[in-house]
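Novice: Here is my input; please provide its structure:
(one chain, ligands or ions: 2)
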Amino acid sequence: MAPVLELRGITKRFPGVLANDHINLTVEKGEIHALLGENGAGKTTLMNILYGLYHPDEGEILVNGNKAAIKSPIDAIKAGVGMVHQHFMLVPVFTVTENVMLGEEFTKYGGVLDRNKAAQKVQEISDKYNLNIDPNAFIKDMPVGLQQRVEIIKLLFREANILIMDEPTAVLTPQEVTELFKIMQTLIDQGKSIIFITHKLGEVLECANKITVIRSGKVVGTTDPKTASMNELATMMVGREVKLEVDKADQKVGDIVLDVHDLKVLDPRGSIAIDGINFEVRAGEVLGIAGVQGNGQTELVRSLTGLLTPIDGSVTLSGHNITHSNPRQITELGSAHIPEDRQKDGLVLSLPISDNLVLNTYYLKPYSKGIWLDQKVIIESGEKLVKSFDIRTPSVFTPASSLSGGNQQKIIVAREFSRPIKLLIASQPTRGLDVGSIEYIHKRLLAKRDEGCAVLLVSTELDEVMQLSDRIAVLYRGKIIAIVDGKSASKEQLGLLMAGISHETEKLSN
Ligand SMILES: Nc1ncnc2c1ncn2[C@@H]1O[C@H](COP(=O)(O)OP(=O)(O)O)[C@@H](O)[C@H]1O
Ligand SMILES: [Mg+2]
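Specialist: Ligands and ions are numbered 1, 2, ... in the order given. Got it, this is the predicted structure:
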């Protein structure tokens, strides 16, 4: 029997980038085929081609052995291909059924949408695949994990046989990930096929039947998860040996550096984002803030770095009250910041690397000479930093905009780490980076801790928080619902806390 899907020689060029380079991929009926690759490897591009959003420069698509002309998502759906996007496309104030019906011609008499019939079909789909979705529930009342299932129902409603899931676990708690994997299993048991995209090694080993690794737009190989190891897959992904474990020295904690007391912060719309939290970070320790995205992380970091003024409470840095200080005052007291949005808050993209490396010190000696900047010193110092922080660039004159995400992040790290600091606030420091750059940034971060710097790590990557932190605080709806020891914390316990369940975890830790 012909495979359910075959991609042959798919090639896609963007200006200056060969995003897909003669990619071959075969998916069998009833399999979860993982597409594993670092950020920028070309995974989403390939899936956008399969879903008819992009047109390939070369190559062909075969569905059940027949050539399929997929020129738009409508063609893709006709061919039985559906895609769950990285960002959901649901209308919050609509019900499940209303969302499923959007854009669908499910009519009774001349253009009148038949809600009841549709709701019934949604219910049937939900039952058949154990999705546990109420057709009449409103999207706005559902946690992200359930919203994702509605996206899946939308595809099943349209009779998709090949489901593309682009990084579906990125927005889920560990428990929700487990649930999703169960659903994926049910789907393939019933004869569907899934293309599961991820950059997380553990996940592919857990749920895939087959793994295709792509790197720089090319297929590196296809392997069997039963026999593949994490290290092998990492090497395939990155193209060299990578160290997955983080070496962490024993901890020598010192005095309190950052002290946060009853802090309250509003979000841009004026609702409470941080709701009276207390914690401290000591010299020589990493305090990790874990939590699902959108639980107040952004506002917390902005208030600690002077970008947002709290409405109540206090923040103290090495004995100085900085509750109402501005970013420059806080920087001058020895606080460094790796911002969540590196392109917006961390860099001036149009400026050369050398200038980006002195963004918060240019007015000081030796860079400033009275009213003049000493470009010679700035360039020399930039060249040194480019070398020692392994920033891959043709020169220090290159604008920051033309570097990859990983190298942009290294500019920020180089700048923030090359002056004396007591406190480091790192927000999503490795988001979107490749495994190689992640390894590098983690090493540098722990080196700061070992030098006696206090480190506040805010990350929605639970693995990262668990690997690096000495203590872990879990942020849920603007409150810290628990602070646990980094060594003994389990993924299960943290996952429950991230979902706002604190009483059950007490049993776990007893
Ligand atoms: N619409 C686009 N225009 C230009 N370049 C793009 C576009 N989409 C993706 N790219 C580039 O193609 C490469 C592959 O990107 P992508 O497919 O998104 O990777 P992945 O999903 O594996 O992270 C990257 O270098 C990216 O910058
Ligand atoms: Mg992608």
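Novice: State the number of residues packed around the residue in the stretch 201-350 of the chain positioned nearest to ligand 1.
Specialist: Proximity of the stretch 201-350 of the chain to ligand 1 (CB to the nearest ligand atom) peaks at G217, 6.8 Å away. C-beta: built from backbone N, CA, C; applies to glycine. Neighbour count for G217, taken as other CB atoms under 10 Å: 23.
Novice: how near is it to F389?
Specialist: 27 Å (CB to CB, to the nearest Å).
Novice: cool, N278 as well?
Specialist: 35 Å.
Novice: okay, these two: which has more neighbours?
Specialist: Using other CB under 10 Å as the criterion, N278 and F389 rank with F389 on top: 20 against 13.
Novice: hang on, that one packs against V413?
Specialist: Yes: using CB atoms under 8 Å, F389 is in contact with V413, at 6.4 Å.
Novice: overlap in contacts of those two?
Specialist: Common neighbours of F389 and V413 are listed as R444 (criterion: CB atoms under 8 Å, 6 or more residues apart in numbering).
Novice: give me the low-pLDDT residue ranges for this protein?
Specialist: The chain contains residues with pLDDT under 70 at 86, 105-113, 503-510.
Novice: Enumerate the residues of it near ligand 1.
Specialist: Selection of the chain residues close to ligand 1 by CB under 6 Å from any ligand atom yields F14, V17, A19, G37, N39, G40, A41, G42, K43, T44, T45.
Novice: Of all pairs in those, which one is the farthest apart?
Specialist: Farthest-apart pair in those is F14 and G37; separation 16.4 Å (CB to CB).
Novice: Mind checking which of those two has more residues around it?
Specialist: Between F14 and G37, counted using other CB under 10 Å, the more crowded position is G37 (27 against 11).
Novice: residue contacts, that one?
Specialist: K43, H199, V213, I214, R215, M237.
Novice: Give me the phi and psi angles of the nearest residue to V27 once chain neighbours are set aside.
Specialist: Of all residues not flanking V27 in the chain, L5 sits nearest, at 4.2 Å (CB to CB, 6 or more residues apart in numbering). Phi and psi for L5, reported as degrees, to the nearest 10, are phi -150, psi 140.
Novice: okay, now L5: neighbour count?
Specialist: Neighbour count for L5, taken as other CB under 10 Å: 26.
Novice: What of F417?
Specialist: Burial of F417 is recorded as 20 neighbouring residues (other CB under 10 Å).
Novice: go on, T331?
Specialist: With other CB under 10 Å as criterion, T331 counts 19.
Novice: what about it, distance to D345?
Specialist: Going from T331 to D345 by CB to CB gives 13 Å.
Novice: which ones are touching K29?
Specialist: M1, P3, V4, N161, G191, S193.
Novice: Name only those of the residues you listed that count as buried.
Specialist: Buried positions within the contacts of K29, assessed by neighbour count (16 or more other CB atoms under 10 Å), are P3, V4, N161, S193.
Novice: any idea whether the residue nearest to G30 when sequence neighbours are not counted is helix, strand or coil?
Specialist: Residue nearest to G30 in three dimensions, not counting chain neighbours: I188, with 4.9 Å by CB to CB, 6+ apart. For I188, the assignment made with DSSP: H, G, I helix; E, B strand; the rest coil gives helix.
Novice: Tell me how many other residues crowd I188.
Specialist: I188: 19 neighbours (other CB under 10 Å).
Novice: Do a quick rundown of the strands in the stretch 101-250 of the chain.
Specialist: For the stretch 101-250 of the chain, the strands defined by DSSP state E, counting those that start in this stretch occupy 162-166, 193-198, 210-215, 218-223.
Novice: Of those, give the one that comes closest to K67.
Specialist: Across the strands of the stretch 101-250 of the chain, K67 has its closest neighbour in strand 162-166 (15.5 Å, CB to CB).
Novice: which other helices and strands contact the closest one?
Specialist: Packing partners of strand 162-166 (3 or more CB pairs under 8 Å, 6 or more residues apart in numbering; DSSP states H and E): helix 43-50, strand 81-84, strand 193-198.
Novice: Where do the helices of the stretch 51-200 of the chain begin and end?
Specialist: 73-78, 96-101, 115-128, 144-157, 174-189 (DSSP state H, counting those that start in this stretch).
Novice: could you dump those helices to a markdown table with distance to G500?
Specialist: Shown next, in a markdown table, are these (distance: least, CB to CB, whole Å):
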| stretch | distance to G500 |
| --- | --- |
| helix 73-78 | 36 |
| helix 96-101 | 23 |
| helix 115-128 | 24 |
| helix 144-157 | 13 |
| helix 174-189 | 12 |
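Novice: ok, the residue lying closest to H320 once chain neighbours are set aside - contacts?
Specialist: Leaving aside its sequence neighbours, H320 sits nearest to L333 (CB to CB, 6+ apart; 5.7 Å). By CB under 8 Å, 6+ apart, L333 lies in contact with L317, S318, H320, I322, S325, K422.
Novice: likewise I272?
Specialist: K264, V265, L266, G478.
Novice: from memory the third one sits against D275, does it?
Specialist: No: applying CB under 8 Å as the test, L266 and D275 come out as separate, 10.1 Å apart.
Novice: and V204, what does it touch?
Specialist: A34, L36, F196, T198, I211, P225, L233.
Novice: Could you measure from it over to G82?
Specialist: 21 Å.
Novice: next one: F417
Specialist: Distance, F417 to G82, using CB to CB: 45 Å.
Novice: same thing with F14?
Specialist: 25 Å.
Novice: Show me this structure divided up by domain.
Specialist: As given by automatic domain parsing, the domain ranges for the chain are 5-238, 245-334+422-510, 343-419.
Novice: still on that earlier bit, among the contacts of V204, which pair sits farthest apart?
Specialist: Greatest spacing in the contacts of V204, by CB to CB: F196 and L233 (14.0 Å).
Novice: in the stretch 251-400 of the chain, which spans are strands?
Specialist: Per DSSP E, counting those that start in this stretch, the stretch 251-400 of the chain carries strands over the ranges 256-266, 272-282, 286-290, 312-317, 320-321, 335-338, 368-369, 372-373.
Novice: Which secondary structure elements does the fourth one sit against?
Specialist: To tie it back to what came earlier, the one meant is strand 312-317. In terms of contacts (3+ CB pairs under 8 Å, 6+ apart), strand 312-317 is packed against strand 256-266, strand 272-282.
Novice: Return the set of buried residues in the last one.
Specialist: It stands for strand 272-282. Applying 16+ other CB under 10 Å to strand 272-282 flags I272, A273, I274, D275, I277, F279, E280, V281, R282 as buried.
Novice: likewise the first one?
Specialist: If you call a residue buried by 16+ other CB under 10 Å, then strand 256-266 has these buried ones: V257, L258, D259, V260, L263, K264, V265, L266.
Novice: Could you list the buried residues of stretch 215-226?
Specialist: Of all the residues in stretch 215-226, those buried under the rule 16+ other CB under 10 Å are R215, G217, V219, V220, T223, P225.
Novice: Output the residues you listed in CSV, with distance to P366 appended to each entry.
Specialist: What follows is the buried residues of stretch 215-226, written out as CSV (distance: CB to CB, whole Å):
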residue, distance to P366
R215, 42
G217, 44
V219, 50
V220, 46
T223, 53
P225, 55
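Novice: of all the residues you listed, which two lie farthest apart?
Specialist: Spanning the widest gap among these are G217 and P225, at 23.0 Å by CB to CB.
Novice: export stretch 425-445 as CSV, just CAs?
Specialist: Only the C-alpha atoms of stretch 425-445 are listed here, as CSV (Å, rounded to 0.1, in the frame of the first residue of the first chain):
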residue,chain,number,x,y,z
ILE,A,425,17.7,38.8,35.8
ALA,A,426,17.4,36.4,32.9
SER,A,427,14.1,36.2,31.3
GLN,A,428,13.5,33.4,28.8
PRO,A,429,17.2,33.5,28.1
THR,A,430,17.2,30.6,25.6
ARG,A,431,13.8,31.0,24.0
GLY,A,432,14.1,30.2,20.3
LEU,A,433,17.8,29.3,20.5
ASP,A,434,19.4,26.2,19.1
VAL,A,435,20.8,23.5,21.3
GLY,A,436,24.4,24.7,20.9
SER,A,437,23.6,28.3,22.0
ILE,A,438,21.5,27.0,24.9
GLU,A,439,24.4,24.9,26.1
TYR,A,440,26.6,28.0,25.9
ILE,A,441,24.2,30.4,27.7
HIS,A,442,23.6,27.9,30.5
LYS,A,443,27.3,27.5,31.1
ARG,A,444,27.8,31.3,31.3
LEU,A,445,24.8,31.7,33.6
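Novice: Okay then, goodbye and thanks.
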